[in-house]
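K.L.:
Sharing a model prediction with you, sequence too.
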Number of protein chains: 2
Amino acid sequence: MTNPLDATFAALADPTRRAILTMLLEDDMAVTDVAQPFAMSLAAISKHLTVLAEAGLISRERRGRVIWCKLEPDALRAASVWMQGFGQFDPVDLDDFERFLAGELAEREASGGDI
Amino acid sequence: MTNPLDATFAALADPTRRAILTMLLEDDMAVTDVAQPFAMSLAAISKHLTVLAEAGLISRERRGRVIWCKLEPDALRAASVWMQGFGQFDPVDLDDFERFLAGELAEREASGGDI
DNA sequence: CGGACATTCAACCAAACGGTTGACGATTCC
DNA sequence: GGAATCGTCAACCGTTTGGTTGAATGTCCG
């Protein structure tokens, strides 16, 4: 995974990781709180967070005994630049984004509870 | 890979596949011609093309005995929308894109010939 | 028809991925 | 100090991925 674009896109390819990013869009969160909505072990979420951190998409900072996860949206910029070159996309309506989030959420709920 | 975003990002996570997309940005190409610059078998490239096609990023059309590959940039739109929601990125300067392409190319050449 | 060309299929392989469980290392609180 | 809490590490497991090779399929051309 030498290329940073590799790491970014690979990190984004997993729906659990995208969901985590979406949650972090709201606010910084402790690892335990990140894990709470998902039907998988804390260790699994911890691994996902490591993948996101290594891609530069989040950062983790220990404060006391809890580790806080913070979105680092700058890492998305490179990938976004790469992609926009292909479509000459219009700058995107934030409403579009809301709809996508809603869609992903609905899909998650439809597919049996959480994730 | 039920979610289309999964397929799109997973397809983009591979540098060979991104390079193929970049080549197709220039013009439609036959499979053999797509494969030519890469140091791997035609079968391997054929698989990559299948991944790209299943993600909707390219289409393939047989004309005579050659199969033409065509970029389908619309499939990138969903992913682009998703990403832009995170950064409120400015619409991207095409020069930025050129620089990224140049960078990827340099990196590929640096890492021992082709890919 | 038969040969050459363009592409995929099938079987296989090693490595990476996404998950589990259980033990372990920090840190706080009583 | 000792118990509880937060998070990661390590070992393991089944599946997917990215590649190989060799055979098979279309399709054109002489």
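P.N.:
All right, it came through fine.

K.L.:
how many neighbours does the nearest residue to A:E61 once chain neighbours are set aside have?
P.N.:
Nearest residue to A:E61, sequence neighbours excluded (C-beta to C-beta, 6 or more residues apart in numbering or on different chains): A:W68, at 5.2 Å. Where C-beta positions appear, they are placed from N, C-alpha and C, glycine not excepted. By other C-beta atoms under 10 Å in any protein chain shown, the residues close to A:W68 number 18.

K.L.:
Same check on A:T8?
P.N.:
If you count neighbours by other C-beta under 10 Å, A:T8 ends up with 26.

K.L.:
and if you look at A:I67?
P.N.:
Neighbour count of A:I67, defined by other C-beta under 10 Å: 16.

K.L.:
check which helix or strand covers the residue nearest to A:E61.
P.N.:
Secondary structure assigned from DSSP states H and E places A:W68 in strand A:66-71.

K.L.:
Helices along chain A, start to end?
P.N.:
A:4-12, A:15-26, A:31-35, A:42-54, A:74-87, A:94-110 (DSSP state H).

K.L.:
need the contact list for A:E54.
P.N.:
With contacts defined as C-beta atoms under 8 Å, 6 or more residues apart in numbering or on different chains, A:E54 is in contact with A:7, A:11.

K.L.:
Kindly provide the distance from it to B:L71.
P.N.:
Note on A:E54: its distance to B:L71, by C-beta to C-beta, to the nearest Å, is 30 Å.

K.L.:
what number of residues lie near the residue nearest to A:I20 when sequence neighbours are not counted?
P.N.:
Nearest residue to A:I20 in three dimensions, chain neighbours excluded: A:V34, at 5.8 Å (C-beta to C-beta, 6+ apart). Using other C-beta under 10 Å, A:V34 has 23 other residues around it.

K.L.:
give me every residue that touches A:V34.
P.N.:
Contact analysis of A:V34 by C-beta under 8 Å, 6+ apart lists A:20, A:23-24, A:45, A:49, A:69.

K.L.:
Near DNA strand D, which residues of chain A? Just list them.
P.N.:
A:30-33, A:42-43, A:46, A:49-50, A:60, A:65-68 (C-beta under 7 Å from any atom of the strand).

K.L.:
one more time with 6 Å, if that's ok
P.N.:
A:30-32, A:42-43, A:46, A:49, A:60, A:65-67 (C-beta under 6 Å from any atom of the strand).

K.L.:
Out of those residues, flag the one nearest to B:T16.
P.N.:
Relative to B:T16, the closest of these is A:L49; by C-beta to C-beta it sits at 28.0 Å.

K.L.:
Would you check that the closest one makes contact with A:I58?
P.N.:
Yes: when contacts are counted by C-beta atoms under 8 Å, A:L49 is listed as touching A:I58 (6.7 Å).

K.L.:
Do you know the pLDDT at the residue nearest the centre of chain A?
P.N.:
Nearest to the mean C-alpha position of chain A, by C-alpha atoms, centre = their mean, lies A:L21 at 2.5 Å. With respect to pLDDT, A:L21 scores 95.

K.L.:
where's it relative to B:E26, distance?
P.N.:
Distance of A:L21 to B:E26, computed by C-beta to C-beta: 33 Å.
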